[in-house]
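A.B. asks: Structure for the following, please:
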Amino acid sequence: MRPHFTGTSLITDDVPALAAFYARVLDAEVEGEAPFARVTVPGAVLSFFSTRGMESMVPGSTAAAASGSFTVEFRVTDVDARHERLAAQGVEILKPPTTQPWGRRSVWLRDPDGNIVNLYQEV
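C.D. replies: Predicted structure coming up:
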């Protein structure tokens, strides 16, 4: 059987803040609390684990890690409506809604750890 992607875990110094941000952006609920929490969306789980917890399990495992070093993408039904709602809530918008030549309309946000969140829809 081929591997089936079920989610990813973001390692962070502030589990509650990062989990709350993604719950707000994704209209989901946070399950758990520091050092481990998660947000479930259709098809996958986005989890959050503390840097301290990770280091206690595998010393040195986060030595090469850097905040703001990845982009995470979520397909939504209405990029513009989500942009308006999140901007009104004070979420940092990096790139306003834009339609790309390859047929995606997207808005880019920045999460509390500095990573890019791409919310997109096919057009």
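A.B. asks: make it CA atoms for all contacts and neighbour counts henceforth
C.D. replies: Fine.
A.B. asks: how deep is residue 112 tucked in, by neighbour count?
C.D. replies: Residues near residue 112, counting by other CA atoms under 10 Å, number 19.
A.B. asks: Could you tell me which residues within the lengthiest helix in the chain count as buried?
C.D. replies: In terms of residue count, the longest helix belonging to the chain (DSSP state H) is helix 15-26. By 16 or more other CA atoms under 10 Å, the buried positions in helix 15-26 come out as 15, 16, 17, 18, 19, 20, 21, 22, 23, 25, 26.
A.B. asks: Looks like the fifth one contacts residue 39 (just checking).
C.D. replies: This means residue 19. Yes - counting by CA atoms under 8 Å, residue 19 touches residue 39, with 7.0 Å between them.
A.B. asks: list residues touching both of these two?
C.D. replies: 30, 47 (CA atoms under 8 Å, 6 or more residues apart in numbering).
A.B. asks: In a markdown table: the buried residues of helix 15-26, plus pLDDT and distance to residue 33.
C.D. replies: Output for these, formatted as a markdown table (pLDDT from 0 to 100; distance: CA to CA, whole Å):
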| residue | pLDDT | distance to residue 33 |
| --- | --- | --- |
| 15 | 96 | 7 |
| 16 | 97 | 6 |
| 17 | 96 | 10 |
| 18 | 96 | 11 |
| 19 | 97 | 9 |
| 20 | 97 | 10 |
| 21 | 97 | 13 |
| 22 | 96 | 14 |
| 23 | 96 | 13 |
| 25 | 95 | 18 |
| 26 | 95 | 18 |
